[in-house]
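>>> Sharing a model that was predicted from the sequence below.
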Amino acid sequence: MNKPRPRSNLNSGFTLTELAIVLVIVGLLISGMLVPLSTQRDIQNSSETSKRLNEIKEALLGFAVLYGRLPCQSSTIDPADPKYGLEDNPCNDVEGYLPWKTLGIGEIDAWGTQRSATGDPFRGYWRYRVNNSYASATFTLASTATALIVQDSAGNNLTNSTDGPVAIIYSTGPDLVANGQNATIDNTFQAGERSPAFDDMLVWIPRPILFNRMIAAGKLP
């Protein structure tokens, strides 16, 4: 009887073609895992930023209860300056950065990087716009003026001129750049669903909410 010949070592290993196929498969598996991890991180950052925005909103309302007004924006750019992170005095009635030290909160969103020098960019720092009628002096129930408007991506107003926002705070999102209407320095801001062209996250304080909180605290009649 003929005995089967033993296979040589050359025939028992992987060929170069087989190794190449294995490497391609491994590469595809790894790349397939990276996308969900990136998406998961973005979801976590968005959730954390949304949480911080709501905390900022509460901090602003608390400030109003204590001092009878909303804080001014912060425009000092030198981190070594004692006024860095504190509200301006007087208010400039323009968009600036949130006075995080005045409010006792963190200065950046989940994507941001803290600055250490005057030349550092404001990456992830909270943008802030306040109606000067509610920040430069103690306001009353007669204070009605509001020039701030919030729109969706189609240009439809989400607020009105009577009971609209008295303050607006937003994060520039993962791309660290103001998008849409927020890229223009004026009184109109954009909010709504994120998209490839718009990833800012925005909240605002409506006039009735501010008055309601002040009345509940006994600060307004």
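All right, it came through fine. On a predicted model such as this, the values are computed, not experimentally measured, just so you know.
>>> Report pLDDT for the closest residue to residue 97 other than its chain neighbours.
Spatial nearest neighbour of residue 97, excluding adjacent residues (Cβ to Cβ, 6 or more residues apart in numbering): residue 74 at 4.8 Å. Every C-beta, even on glycine, is put in place using the N, C-alpha and C of the backbone. Confidence at residue 74, expressed as pLDDT, is 97.
>>> Wait, residue 74 touches residue 98, no?
Yes: applying Cβ atoms under 8 Å as the test, residue 74 and residue 98 come out as touching, 6.7 Å apart.
>>> overlap in contacts of these two?
residue 128 (Cβ atoms under 8 Å, 6 or more residues apart in numbering).
>>> And these two? Which one has more around it.
Higher neighbour count among residue 74 and residue 98: residue 98, with 28 against 24, using other Cβ atoms under 10 Å.
>>> Next one: that one from residue 158, what distance?
Using Cβ to Cβ, to the nearest Å, one gets 21 Å for the distance from residue 98 to residue 158.
>>> Now stretch 105-114: buried residues?
Under the neighbour-count criterion of 16 or more other Cβ atoms under 10 Å, stretch 105-114 has 105, 107, 108, 109, 110, 111, 112 buried.
>>> Those: which two are farthest apart?
Largest separation among those by Cβ to Cβ: 105 and 111, giving 16.5 Å.
>>> now stretch 108-116: how far from the chain's centre is it?
10 Å (Cα atoms, centre = their mean, to the nearest Å).
>>> for the chain, what spans make up the strands?
With DSSP state E applied, the chain shows strands at 96-97, 127-130, 149-151, 165-171, 188-190, 201-206, listed in chain order.
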